[in-house]
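**Student:** task: produce atomic coordinates for the following.
(2 chains)
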Amino acid sequence: MPLFVGIFAYSTISQSLIHNIPIGIIDNDKSQLSREIIFDVNSTSAVEIIKSYPSVLEAQQDLSTKTIYALIVLPSNLQSNVKKGITQNVAIYYNAELVFIGKNIQSALAVVFKNKDINLKFAQNIATSQNPTLALGRSLDFLPTIISLYNPNSNFSQFLLTAILPCSWQLFVILCMIALLAKNTLIQDMYLKNDTKRFYQHLGAKFLINSIIFFAWWIAMSVFFYNLSFPHNGNIWILALNAIVTLIAYNSIGIFIYALIGNHTRAISIAAFYAAPSLAFVGITYPLNSMELFPTFWSSILPITRYIQVYIQQENYGIDNIYSLILISQNLIFLLFGFLGLLIYKKKKPI
Amino acid sequence: MIFDILLRELRTIFTSFSMMTIIIGGNLIYAFFYPSPYLNDIVIKQKIAVVDDDRSTLSRQFIFNANAGAKLQVVTITNMQEAMNLLKQMQIHGILQIPRDFEKDSIKSSVPKVYYIADNSYFFIHSTIIEGLNIAATSLGVEIGIIQSLYDKNPALQDSHKLIHWNFIPLFNPSVGYLNYIIAMILVFILHQTLLMSCGILCGTQIQQYKQGIRDYFCQTNPILVIIARVMAFLIIYFPLFLFYFGFIYDYYNLTTLAKRVELIAFGMAFLIATATFGIFLGSIFSRGEYVPQVLLVMSVPLIFALGIIWPNEMIPTWIKLFMQCIPITPSVDGFVKLNQMGADFVAIKWDFYHLLCLSVSYALLSYIILHFRFHKKSCDE
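**Tutor:** Numbering: from 1, shown residues only, chains lettered A, B, ... in the order given. Here you go, the predicted model:
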């Protein structure tokens, strides 16, 4: 099952870069300039003009059925007005309901249009000044260079897989821990609780089995990331320690929940409530600093939040180990739940 | 006959603790719990540091512009080394570097380079920072234009105005925020998952009971009647929840609700029926009550990403798309989003509607076959 989840998640976003998103155009000008704009838009890899419409009315239906994700409307007399120096309005409607796709389209088109602006100004300035250097300087004040650290191509699968897979991993850890505990029949349970030594041995064995299985999965996950050539600047021992502490933390919480509830199906619903929505709370898809008090609190009681922070700090930034160790040690607090769970489990009469 | 089964189904559901936790607890709590990270809707005030090697009026103006916008907050002005350290400690997420002679060069018409450095480990922080800096730069461009024309002793501002005003108009989600994007979809998803889980628990538990030798109404009558009664039972429970979600919760989070009532309810019924039959199908495959919720839980995150909302449909491989077509959530989210968020007509989503009906019929038939073999084949042998 973890393998299927991994493959499913990976292949969904394996293309990793957005390209050739279909958009539409309305060209009311049909001039040299409008053809140039269409050519420039088509030449970016992110979008592709698939259809040209006579008016907005026809395009509307396609926009709301997601056949096209954006619509560029070039007004009539665009070329002649630009040459006369009259500011022209070009409207670009884009589907903002799909925020991620919308933002991608917007930034791709913004680059194209910025270049077009410089082009047009240059043409205008060179006509008056006849000096290419001066004309260029006039058309362009300064050149912003964007440096995207740690993920220069905005690789979507690097961004998301490093969050999705650990989040699925922690869910598996806690569910399996509970499933292992719940395997005992009532009679076994009764028998074990009368014999303290066997009880601890038994529980310890389950704890260990679960940890080993999921540590193996963690290694598989790391090798997979390595093969995808995601950045790996980190110290491998720190990362392994991080994984082990997170693993133990989730095991402890699993024991605690099962001990408290004492029923497999119910324990699963509680564990799921706790761990399943973690992707929303870890701060990858939506930044932690824009959340309010309650979600910030919730994300702080999920060990996976700190696991991912350490992962990013180590692999992407290659930061000093001491910062990561502080974060990892914070996860050790969750071990207390394990001991607490143990006590409750021991004391509790089988239902 | 069928009402008799219906009553017994309802009684089983209402007396089962785990099903009631999922149905009532799950739906009510999740409706408030899951959207909580996104309540602020848009990302603002991202912290950046500035490395100002020019220290001129113009560079200070640039910093002021950046700080004045809603998207950015300049926390410190420092050197590059210190700024990178802050970034690695996650104190800031971006750096604006202004080179030496920035003011002189930009007015004297050579082209200086300005660096926008942002941490792309977090996509939305990155895009917010770049957007914020671009806005600051655009307004700075106008000021540079004015200064340039003063130097030319030609105060005509004609040169500095824009020739084409590129006007980006966001459709369907004016704030380009997270609420209409994620939450509108997640709410449907929560209904879908909890319905499948409770259906799965019900069916799985009955199969377990059957194995333990308990013979009750579920194996003594024709499976088709049981299936119909079960779908009706879940409709009775979930219809009020559906109304609560689409009537109250959508309004509560200020989501756009463009759909017409009749259309929404018609589509909602199809959604509930298809999901319930799928739940019965899932529940009858697995032999225990605990399996369905677990499978659904671990699959939920991958499913959300394969829906074609976050990651565009055009980029998803075919086998995943085919797989997704078999799950009722795909046409449902598609239809609900189009109806409610994009204001499409019912005609535009009629294929989603037929798709759901198709799924309902096929899953009802499949579960009939499975249940028949599970309960009736054996009892004939005995």
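**Student:** so what's the closest residue to residue B:235 other than its chain neighbours up against?
**Tutor:** Counting by Cβ to Cβ, 6 or more residues apart in numbering or on different chains, residue B:272 is the residue found nearest to residue B:235 once chain neighbours are left out, at 5.7 Å. (Each C-beta comes from the backbone N, C-alpha and C, glycine too.) Listed by Cβ atoms under 8 Å, 6 or more residues apart in numbering or on different chains, the contact set of residue B:272 reads B:195, B:234, B:235, B:238, B:239, B:242.
**Student:** got the contact list for residue 303?
**Tutor:** Let's take chain A. Residues in contact with residue A:303 (Cβ under 8 Å, 6+ apart) are A:170, A:245, A:246, A:249, A:250, A:253, A:331, A:334.
**Student:** let me rephrase: I mean chain B.
**Tutor:** Counting by Cβ under 8 Å, 6+ apart, residue B:303 touches B:189, B:324, B:327, B:329.
**Student:** list the buried residues in stretch A:225-232.
**Tutor:** Going by neighbour count (16 or more other Cβ atoms under 10 Å in any protein chain shown), the buried part of stretch A:225-232 is A:225, A:230, A:231.
**Student:** where does the prediction get shaky in the chain?
**Tutor:** Going with chain A. Scanning chain A with the threshold set as pLDDT under 70 gives A:1-2, A:9-16, A:130, A:137-139, A:184-195, A:348-351.
**Student:** oops, I was thinking of chain B
**Tutor:** B:41, B:109, B:152-162, B:377-382.
**Student:** name the residue closest to the centre of it, please.
**Tutor:** The residue lying closest to the centre of chain B (Cα atoms, centre = their mean) is residue B:182, at 2.7 Å.
**Student:** chain A versus that one, what's the distance?
**Tutor:** 8 Å (Cβ to the nearest Cβ, to the nearest Å).
**Student:** and the nearest residue to residue B:113 once chain neighbours are set aside, how close does it get to residue B:110?
**Tutor:** Leaving aside its chain neighbours, residue B:113 sits nearest to residue A:143 (5.0 Å; criterion: Cβ to Cβ, 6+ apart). In this view, residue A:143 and residue B:110 are 10 Å apart by Cβ to Cβ, to the nearest Å.
**Student:** more crowded one of the two?
**Tutor:** Ranked by neighbour count (other Cβ atoms under 10 Å in any protein chain shown), residue A:143 and residue B:110 place residue B:110 first, with 15 against 12.
**Student:** so the more buried one lies in a strand, does it not?
**Tutor:** No - counting by DSSP: H, G, I helix; E, B strand; the rest coil, one finds residue B:110 to be coil, located in no strand.
**Student:** related to what we said a few turns ago, between the contacts of residue A:303, which sits nearest chain B?
**Tutor:** Comparing these against chain B with Cβ to the nearest Cβ places residue A:170 closest, at 10.6 Å.
**Student:** tell me who's in contact with the closest one.
**Tutor:** Taking Cβ under 8 Å, 6+ apart, one finds A:246, A:250, A:275, A:278, A:302, A:303, A:304, A:307 in contact with residue A:170.
**Student:** buried ones from the contacts of residue A:303, can you make that a PyMOL selection?
**Tutor:** Those of the contacts of residue A:303 that count as buried under 16+ other Cβ under 10 Å are selected in PyMOL with:
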select buried, chain A and resi 170+245+246+249+250+253+331+334
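**Student:** just the ones of the contacts of residue A:303 in helices?
**Tutor:** With DSSP state H as the criterion, helices contain A:170, A:245, A:246, A:249, A:250, A:253, A:331 from among the contacts of residue A:303.
**Student:** re the thing from before, sort out for me which of the contacts of residue B:272 are in helices.
**Tutor:** By the criterion of DSSP H, membership of the contacts of residue B:272 in helices covers B:195, B:234, B:235, B:238, B:239, B:242.
**Student:** who touches the last one in this structure?
**Tutor:** It stands for residue B:242. Each residue near residue B:242 by Cβ under 8 Å, 6+ apart is listed here: B:191, B:268, B:271, B:272.
**Student:** let's see that with 6 Å instead.
**Tutor:** Contacts of residue B:242 were listed using Cβ atoms under 6 Å, 6 or more residues apart in numbering or on different chains, and they are residue B:268.
**Student:** and which of the ones in helices among the contacts of residue A:303 is nearest to residue B:346?
**Tutor:** Residue B:346 lies nearest to residue A:170 out of the ones in helices among the contacts of residue A:303, by Cβ to Cβ, at 41.8 Å.
**Student:** without its sequence neighbours, what residue ends up closest to the closest one?
**Tutor:** The nearest residue in space to residue A:170 (Cβ to Cβ, 6+ apart) is residue A:304, at 4.7 Å.
**Student:** what's the neighbour count on that neighbour?
**Tutor:** 25.
**Student:** go ahead and confirm it touches residue A:279.
**Tutor:** No - applying Cβ atoms under 6 Å, one finds residue A:304 not in contact with residue A:279, separated by 9.0 Å.
**Student:** and the residue nearest to the centre of chain B, that's in a helix?
**Tutor:** Yes - with three-state DSSP as the criterion, residue B:182 is part of a helix.
**Student:** apart from its chain neighbours, what residue comes closest to residue B:328?
**Tutor:** Using Cβ to Cβ, 6+ apart and skipping residues adjacent in sequence, the residue nearest residue B:328 is residue B:274, 4.0 Å away.
**Student:** is it true that the one you found lies in a helix?
**Tutor:** Yes - Residue B:274 forms part of a helix when assessed by three-state DSSP.
**Student:** so it is in contact with residue B:362, correct?
**Tutor:** No - Residue B:274 is beyond contact range of residue B:362, at 9.7 Å (criterion: Cβ under 6 Å).
**Student:** which of those two has more neighbours?
**Tutor:** Neighbours were counted for residue B:274 and for residue B:362 using other Cβ under 10 Å; residue B:274 has more, 27 against 15.
**Student:** host element of the residue nearest to residue A:170?
**Tutor:** Here residue A:304, judged by DSSP states H and E, is contained in helix A:303-311.
**Student:** same question for residue B:9.
**Tutor:** Assigned by DSSP H and E, residue B:9 belongs to helix B:2-15.
**Student:** what packs against that helix?
**Tutor:** Packing contacts for helix B:2-15, counted by 3 or more Cβ pairs under 6 Å, 6 or more residues apart in numbering or on different chains; DSSP states H and E, involve helix B:223-243.
**Student:** report the buried residues of the next helix or strand after the helix it packs on.
**Tutor:** The C-terminal neighbour of helix B:223-243 among helices and strands, as given by DSSP H and E, is helix B:250-252. Within helix B:250-252, the residues that count as buried by 16+ other Cβ under 10 Å are residue B:250.
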